[in-house]
Structure formats: structure tokens, C-alpha cells
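Undergrad: Sequence and predicted structure, then a few things I'm wondering about:
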Amino acid sequence: MDSDSRANFPSILQGKKILLATESWGPVNGVSRTTRSLVEYLRDNGVDLILVAPDFKGDTAKQSAQVSGERRLPGCALPYNPDLTVVYPFHLREVYRQAFEPDLIYLASPASLGFQMLLQIRQLRSPPPVLLNFQTDLSAYSEIMLPAPLDRFGVWLLATVQGFLFRTSAVRTIFYPCSAIRGYLEGAGAPADRMVKLGRGVDTTLFTPDQRDDAFRRGIAPNGEVILLCVCRIAPEKGFEFLAQVAMRLSSEKVPFKLLIVGGNRNPVVESRVQRLFDPVRRHVEFTGFLTGAALARAYASADLFLHCSVSETFGLVVLEAMASGIPVIARDQGGPSDIILHGKTGYLVPPNDLEQFTSLTRQVARDNELRGTLSVAARQFADDTTWEKINRRAAWQMADALVQTDQEAHGSRPPRPTILASAMEQFRLMFAVAIVYGMWLIAVVPLIVHGNRLLPRAWLAVRRQLIPRI
């Protein structure tokens, strides 16, 4: 099908029943914002969509009644990040009965919810086509959060589980956000012929240089200091120790700056631990907590330079939002930002552990107004070609292709019934996979739930060991 025919929403999806399961629906993060954009796009174009997600205790908009078109599953919130919930075991038939028999299933960032669904989909005689979007690199989180030797074991275990589940025959498309993730998926054994690169879009109407607010700037930097911005969830894996080192070096070099950190964590222990990292330069730093909508857009556009220090991002939506706001970005060259930033044109990419170069580039761009202006224009131009409309339309056409392919297979020759031995082998593999998945959650999650914040110092030591260079 030519590109012109795909310029509009695929009509085959109108009226279709789609079950969309997501691991995050409610918290302020890249996965929930990306998924919300797709949900709104599909519903606006006539799709009958039911959303399934873990229960989220922080969702004050849903306290007394179930939101229409939404099915919440109970689970246990993670102590180091209460926004994320490990879903208790459930049966797919319960979801179907309370929702509907779907024509297609879409799994956003599959983990505790998505893994269970994939395991049960494997048992269906005629499963609907499945598309999944790999948005969260769980192996990177395991490597950072778990103490040795569980960190290496966690990475291996996740790759084993993901490779097995992603080879499920019903899975038609595996969306991935960047080249680094494709390499990981191939290494895990996911089928390369089903992989499709799908980035994220950005709201170029909300995030725009027009949101710049001089009064807001004066409140942050009353003496005309350059404003450095960081936007992300406050958590050990987001590179805050690296950022604190950058801030301390800039301060020692007498660079006039203010560092605005936008984000938070519903676990006050984690948030407090991050804030204490900046005690030596506290007069340079301001924490705003979570911001959304116009307030977030104003923070982006009112800054001069965006600093991205996380190395665990599969895409890095905040990088794209900063660029749409006309703000150049300096980022560590790992994960999603490596595929977004045009080095030397819209910002700079720095080797992950090169603290000296990161600080030097920050100082250079902070002091050079003309360079900042050139980078700013190029950053906005890049973002203009990356809208949610284009990204969501690409996802919708992949769904349409999956439905057509499934329909063609249904009208073709039926595959022979498996032998008793083959059925027994498949059942054994399924039971083995179930054991692996629940063993993974037992090893990786239960200790965090049982010990809670007492494991956080270990996590921080792991972050220091893996993310901070020796200086």
C-alpha cells in the first residue's frame, strides 16, 4: 500500500474492539503519556476500546466508581516507586467477561500485566492478533536496582522471559523505540521480522517556545543566571548523582546558573535522598515537584538548556519535549536520546561516564548566547516533524495490517491439529514459562516489597557503581 493511502486513519479499525493493556495509567511518566495519546487517537476515530491497567492508588479521579471503558486489576505497589504496581495473578477470561471479546490486543510496555496476558494468550486456540510496544527497559532497571549477584541474574532472567513470550505466534508486531533496544530484543531472541521502530510524538502546540515566561524566569534566576533544566521522575536510576556532580563543578568554576528540577516521587524517602545530593549547591537548585500541562510547558520554554543524565531511557520523551520548546539538550549518549539528538545541531551527546566533557559542554553552551540560539532553532525544527498524529497513525496502520493478515490466515488452509505429544510439549513449555515469570517477580520484587525502603541504600550503591565515573 502506497504512502498516500496511509495518510488517513485506517477505516478497517472503525468499530473494531481493541483491548489495550498498559502497565502505567495515571502516573506522570513517558509510558502513560504515550499510551494516553494513542487511546485518545483511537477513540476519536471510532474504535471501541477497553483499557486494562493495574490499580493506581494515586489516581484521585477514580475513587468511588470504575471509569467507563476502563478495567483496573489489583496488585502491590513497589516501595521505591509507588506509581508502579505488580499485578496479582488473574485469568484472561475474567478480563474478557468484564470487557469484551477483542478483535485485537495491544500491550503497552508489557511487564507483570502484559507477561501474564501473553502467557494465557498462548493457550488460546484462535487468539486475536497482538501488538506490543517495548517502552521500558526492565533489564536496565534490574541491573541498577538489584544488588550483585542478583543484578546479572535479573537481566538474564528478563531476557529469557521476554524472548520466549515475544515469540508467541499471535504477536504480529513488536514496536521498539531506538536502535539500542532493537539490539537487546534480538539478543533476547525476539523475532526480528516482527520488529517495527516506533518513536514517540510530541505535542508541538503545547510545547512551544511561545510558552516562555520572563516573569517566571526572573523568579527562578533573579540575577539573570542561565537556567538549566532537568525533567524526570525522581528515582535512583535517573542519573541524579551524575547531575549533582555537574552542578558542583559548574559552581566551583563560578558559572552563574540555576538548576530547575521538575519531577517527584510518591516515596518521600527516595525524594529526600535525591534532594540531599544537591546540598553542596543548594542555592543553585530548585525542585518544583511534578508539573503537567501548561505549567510544564512554561518550565521547558523558560529554560536555556536541558540536561538529560539518565542512561536507562528507551526513548526519552522529555528530550523531545524540550526540543519542541526550543531548548537545546545535552545528554549522555546511551539509549533513546542517542537516536533523537543530532550531535552538534540540536544539542550534544556525551559518552555516558565522561563527566568532564558533559560539564565542559554545559559551560560552553551556557555562556554562548549565539550558539544556544542556533541550537534552539534546529531543535524546534526537528520536533516539528515528530507529532503524535504521525506516530499514532503509524501504530494504527500496523493494527490494521495485523487484522488483515489474521483474516487472510483464517480463510486459508487450517493448520493440522497438533499431536498429543506436541500438545504435551507445548503445555510443558508454558508451565515452565509461568514458573520463570513468577520466579522472576519473587526474586526481583518480593524483597523490595518485604524490606521496602531498607533496600534503597543498596540501590543507590548500585547506581553509584554503574552510573558514576571515578573522579
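TA: In hand now; what should we look at?

Undergrad: from here on, contacts and neighbour counts on C-alpha atoms
TA: Noted.

Undergrad: In terms of residue numbering, what are the domains of the protein?
TA: 4-201+388-461, 209-384 (automatic domain parsing).

Undergrad: Pick the most buried one from those domains.
TA: Comparing the domains of the chain by mean neighbour count (mean count of other CA atoms under 10 Å), domain 209-384 ranks first with a mean of 20.

Undergrad: Now render the domains of the chain as a markdown table, adding mean pLDDT.
TA: Formatted as a markdown table, the domains of the chain follow (pLDDT from 0 to 100):
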| stretch | mean pLDDT |
| --- | --- |
| domain 4-201+388-461 | 79 |
| domain 209-384 | 95 |
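
Undergrad: okay, the helix or strand encompassing L113 in PDB with CA atoms only?
TA: Per DSSP states H and E: L113 is located in helix 112-121. The C-alpha trace of helix 112-121 is given here as PDB (Å, rounded to 0.1, in the frame of the first residue of the first chain):
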ATOM      1  CA  SER A 112       3.600  -8.000  35.300                       C
ATOM      2  CA  LEU A 113       0.300  -7.400  33.400                       C
ATOM      3  CA  GLY A 114       1.500  -7.900  29.900                       C
ATOM      4  CA  PHE A 115       3.500 -11.100  30.700                       C
ATOM      5  CA  GLN A 116       0.500 -12.800  32.300                       C
ATOM      6  CA  MET A 117      -1.600 -11.900  29.300                       C
ATOM      7  CA  LEU A 118       0.900 -13.200  26.800                       C
ATOM      8  CA  LEU A 119       1.200 -16.500  28.800                       C
ATOM      9  CA  GLN A 120      -2.500 -17.000  28.600                       C
ATOM     10  CA  ILE A 121      -2.800 -15.900  25.000                       C
END
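
Undergrad: Please work out which residues outside that helix touch it.
TA: Counting contacts by CA atoms under 8 Å, 6 or more residues apart in numbering, the residues outside helix 112-121 that touch it are 21-23, 53-54, 86-87, 89-92, 107-108, 127, 165, 168, 170, 430, 433-434, 437.

Undergrad: Quick check: which helices or strands does the next helix or strand after it pack against?
TA: Sequence-wise, the next helix or strand downstream of helix 112-121 (DSSP H and E) is strand 130-133. Applying 3 or more CA pairs under 8 Å, 6 or more residues apart in numbering; DSSP states H and E, one finds that strand 130-133 contacts strand 104-108, strand 171-176.

Undergrad: For L296, find the nearest of those strands.
TA: strand 104-108 (24.3 Å; CA to CA).

Undergrad: List the contacts of G335.
TA: Listed by CA under 8 Å, 6+ apart, the contact partners of G335 are 178, 180-181, 311-315.

Undergrad: Dump those into a markdown table; add distance to V226 and secondary structure as well.
TA: Output for the contacts of G335, formatted as a markdown table (distance: CA to CA, whole Å; DSSP: H, G, I helix; E, B strand; the rest coil):
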| residue | distance to V226 | secondary structure |
| --- | --- | --- |
| C178 | 31 | coil |
| A180 | 33 | helix |
| I181 | 34 | helix |
| V311 | 25 | coil |
| S312 | 27 | coil |
| E313 | 26 | coil |
| T314 | 29 | coil |
| F315 | 27 | coil |
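
Undergrad: which residues sit against the regular element (helix or strand) spanning I330?
TA: Using DSSP H and E, I330 sits in strand 329-332. Here strand 329-332 makes contact (CA under 8 Å, 6+ apart) with 305-311, 319, 322-323, 337, 341, 346-353, 358, 361-362.

Undergrad: if we can go back for a sec, so which of the helices and strands packed on strand 130-133 gets nearest T387?
TA: T387 lies closest, by CA to CA, to one member of the helices and strands packed on strand 130-133: strand 171-176, at 17.2 Å.

Undergrad: just checking, what packs against the closest one?
TA: By 3+ CA pairs under 8 Å, 6+ apart, strand 171-176 packs against strand 130-133, strand 195-197, helix 388-410.

Undergrad: Kindly recompute the last result at 10 Å.
TA: For strand 171-176, the packing partners by 3 or more CA pairs under 10 Å, 6 or more residues apart in numbering; DSSP states H and E come out as strand 104-108, strand 130-133, helix 150-166, helix 179-188, strand 195-197, helix 388-410.

Undergrad: tilt between that strand and strand 104-108?
TA: 20 degrees (axes from the mean of the first three to the mean of the last three CA atoms, to 10 degrees).

Undergrad: before we move on, the earlier item: for the helix holding L113, the distance to its chain's centre please.
TA: 19 Å (CA atoms, centre = their mean, to the nearest Å).

Undergrad: tell me the angle of that helix relative to strand 171-176?
TA: Orientation check (the same axes, to 10 degrees): helix 112-121 against strand 171-176 gives 160 degrees.

Undergrad: Need the nearest residue in space to F9, chain neighbours excluded.
TA: Excluding the flanking residues, the one nearest F9 by CA to CA, 6 or more residues apart in numbering is R393, at 6.3 Å.

Undergrad: Next, the contact list for the one you found, please.
TA: 6-10, 38, 41-42, 399 (CA atoms under 10 Å, 6 or more residues apart in numbering).

Undergrad: Take those residues and write them to a markdown table, including secondary structure and distance to C232.
TA: Putting the contacts of R393 into a markdown table (DSSP: H, G, I helix; E, B strand; the rest coil; distance: CA to CA, whole Å) gives the following:
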| residue | secondary structure | distance to C232 |
| --- | --- | --- |
| R6 | helix | 34 |
| A7 | coil | 33 |
| N8 | coil | 33 |
| F9 | coil | 32 |
| P10 | coil | 34 |
| L38 | helix | 21 |
| Y41 | helix | 25 |
| L42 | helix | 27 |
| M399 | helix | 31 |
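
Undergrad: helix or strand for I18, which one?
TA: strand 17-22.

Undergrad: same deal with L49?
TA: L49 belongs to strand 48-54, assigned by DSSP H and E.

Undergrad: Okay, now the sheet partners of that strand, with direction.
TA: strand 17-22 (parallel), strand 70-73 (parallel) (DSSP bridges).

Undergrad: Indicate which one of those is closest to L158.
TA: For those, proximity to L158 was assessed by CA to CA; strand 17-22 is nearest, at 18.1 Å.

Undergrad: Between helix 388-410 and that closest one, find me the angle.
TA: Strand 17-22 and helix 388-410 are oriented at 120 degrees to each other (the same axes, to 10 degrees).
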